[in-house]
Structure formats: C-alpha cells, structure tokens
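**Q** how does the following fold in three dimensions:
(one chain, ligands or ions: 2)
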Amino acid sequence: MYILGIETSCDETAAAVLQDRRVLSNVVYSQAKLHEKYGGVVPEVASRNHVRKMPYVLDEALAQADVDLRQIDLIGATRGPGLVGALLVGLSTAKGLAYGLDVPLLGVNHLEGHLFAHYLERGEEAPPPFLALLVSGGHTLLVHVKAWGSYETLGTTRDDAAGEAFDKVGKLLGVGYPAGPQIDRLAQRGDPHAVEFPRPMLEEPGFDFSFAGLKTAVLYHLRKHPDTPVEDLAASFQEAVVDVLLGKTLKAAQGIGARRVVVVGGVAANSRLRARFQQECATQGYELYFPSLELCTDNAAMIAAAAYVRFAQGLETPSPEESWRLSPKPGLSL
Ligand code: KG4
Ligand code: ZN
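**A** Ligands and ions are numbered 1, 2, ... in the order given. Alright, predicted model coming up:
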C-alpha cells in the first residue's frame, strides 16, 4: 500500500510517501528563514508560503519515491493541533487529491504523528506499551502509550512548552529563530553549572511541567550579570530543562511500571538531552529510544505512518463524504 502524508501545522511544508511502513521519501521545506526576521512564526506568512511551496514539495516527494500520484492508496494529512490557516492549506490539498484519486483521506493528530516517528524506525522491535516524552515547540507531554491508538496523558506543561522555552530564551540571548539547535550548539562550549537556574516543578508531585519561570530567571540573570558568557547561559539553561524533563520522565516511568521510554518531538533532537537520557536510562535499566534527527522535527512521514496504522488496524476507515467534511482542529489534544 502506498501512503501519501501531508504536514503543514506550523512552518514546515512537508510531504512524504510510504510503502506500508517503509519511508520512500520524506521532503521538508522549512520556512524558518522567512520567519527569522520576526523572531517567530507569523501565521499569515506561514499559510501563504504553504500555498506557494506545496505543489513543489508534493512533486518532489513523489519523484524521490519514484511513485506516480495515481498509485497512491491512502492519504494522511495533519488536521491539528497547529495554526488554523496553515492546517487548512495541507488539509485542502489532501482533500482535493483524495477526491481526484478517489482514495480515503485520514485527518491525523500531529501529536500522534510525533509518536509514530518511533513506529517508523523501531516500532517493530520496541512496540507499545511504553512511556513517551513528547517535547516540541508547542507541546510537552508525558504519555502512556498502551497500544497504537490508545493513549493516556500523564502530564503536560502548565505554560510554555520546552521548545518554546528554548526559542524564547534564544531571543533573550540574541540567537536566531528557531533557537533550539543554536542553543544546543552554543551550550557545547559552555559550563552547564555556571549558573544554577531553578528546576521548576521537579520536586512537586505529579507529572506536569512549567517552563515560563525558567525563561524569566534567565532574563533576570542577564539583567544583573550582562557579562555572563552566552555559552554558559545556554548550557546552564539547557541543563535545567534537561534535568526537569529527565526527572519527571523517570518518575512517570516508575509510576506506571514502564520499562521502555521513547522520546519524540523537535526537542528530542537536543544533543545534551539525548546524552543525559541515554546515561540515566542505562544506569536505571530502562530501554530508551529516540527517532533519528530528521524524524524528531516536523515531517510528513510520521503523519503518513499514523494514517497507515489507523487505517490498517481499522481504527478509522472514513467514507469519501467524511473525508471531504474534515476541518482543521487548531486546539486538538491527544
Ligand atoms: O516538533 P517540532 O519540529 O515542531 C512542533 O511541533 O513544535 O519542534 C520544534 C521545536 C522548536 O521549538 C525548536 O527550537 C526545537 O524543537 N528544537 C530543539 C532542537 N532542535 C529543534 N530544541 C533543542 N535542541 C535542539 N537541538
Ligand atoms: Zn511537531
């Protein structure tokens, strides 16, 4: 079965082709450069550029996969959460294609898509149940994945997501957008214990997170000590985020008796986070899995994978009328 995936929830215009669970192509056009001068994603600019780039991204995904559009059997497109205008572009494209090709279209939850990044690479050797930490620009979630399609959210952020904190602190430090990868790079030359920033919520019961206070702590420190090397600030901030994510994840794993931990989403690309999780999970005897870097950040292969499994398992088999009625859900939860 050939599956076409389409992802446009934020500022990546993405399309991918799978043959069952095998990725034949995974094309991502990042608009980051267009948004950089505004210091973040401008929704209207994102929507307009999805419209502009989508035909090329689609063509490229089909060409790289060496698949003709008429061979596609199933389409999966992100329906939420995300920016409504951006979602609308991908979903409308998908509806047009599904109508023209007379194939089913599934609206995919972007958060479930991130979990399926794991399915694509290691899902067979390490299937559910497992504990997932989903850390992206918009979300920070601890999820008990009981089976594909069956999720229990154990904790979430009360304010900023982890990736959002990276991006906001990046702004304070004067690095470009998106700041996550830049802070990661700067931090490699800094001292993670130069400044002992707070570890919000780490000692509190429950599995919720809060990162807004940490961002403010960086701001106050900068005002008081403007000469602190930016590498030390980056490393110290990053260490605080990783400490909290790691501490809460291990606590949740223990709480539900999980032996297997999976970390997904853009922030899962962070090198310090990967190293610390690897070290600690090995010490404590947890199996740990990260997707490769290109499947951590937003892409359409993970969206196609979620659609494929939902369809193949019979969790969703929409009629053409149901497909055409799909609407974006900007606030969709897992
Ligand atoms: O999953 P994703 O591509 O998009 C959303 O669904 O939000 O995640 C993007 C987020 C951004 O906030 C970006 O700064 C962060 O992931 N990010 C990183 C790294 N690479 C991307 N954060 C820390 N370290 C990284 N290496
Ligand atoms: Zn995402």
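
**Q** which residues touch H50?
**A** 8, 13, 86, 89-90 (Cβ atoms under 8 Å, 6 or more residues apart in numbering). For the C-beta atoms, the positions are set from N, CA and C on the backbone; glycine is no exception.

**Q** please name the nearest non-neighbouring residue to it.
**A** Closest residue in space to H50, ignoring its immediate chain neighbours: V89 at 3.9 Å, by Cβ to Cβ, 6 or more residues apart in numbering.

**Q** and the pLDDT at that neighbour?
**A** Listed pLDDT for V89 reads 98.

**Q** so it versus L58, what's the distance?
**A** Distance of V89 to L58, given as Cβ to Cβ, to the nearest Å: 12 Å.

**Q** the more surrounded of those two?
**A** A count of neighbours by other Cβ atoms under 10 Å puts V89 above the other of V89 and L58, at 24 against 21.

**Q** that one and N49 touch, don't they?
**A** No: under the criterion of Cβ atoms under 8 Å, V89 makes no contact with N49, lying 9.1 Å away.

**Q** sketch out the low-pLDDT regions of this protein for me.
**A** Judged against pLDDT under 70, the chain has no low-scoring part.

**Q** what's the longest helix in it?
**A** Secondary structure assigned by DSSP state H gives helix 230-256 as the longest helix of the chain.

**Q** past that one, which element shows up next along the chain?
**A** Beyond helix 230-256 on the C-terminal side, the first helix or strand identified by DSSP states H and E is strand 260-264.

**Q** partners of that next one in the sheet?
**A** strand 130-135 (parallel), strand 287-289 (parallel) (DSSP bridges).

**Q** quick one: contacts of that strand?
**A** 114-115, 117-118, 126, 129-135, 145, 249, 253, 273-274, 277, 281, 286-291, 296.

**Q** likewise for stretch 219-230?
**A** 172-175, 186, 190, 194-195, 197, 233.

**Q** which parts of it are buried?
**A** Within stretch 219-230, the residues scored as buried using 16 or more other Cβ atoms under 10 Å are 221-222, 228, 230.

**Q** out of these, which comes closest to ligand 2?
**A** V230 (27.0 Å; Cβ to the ion).
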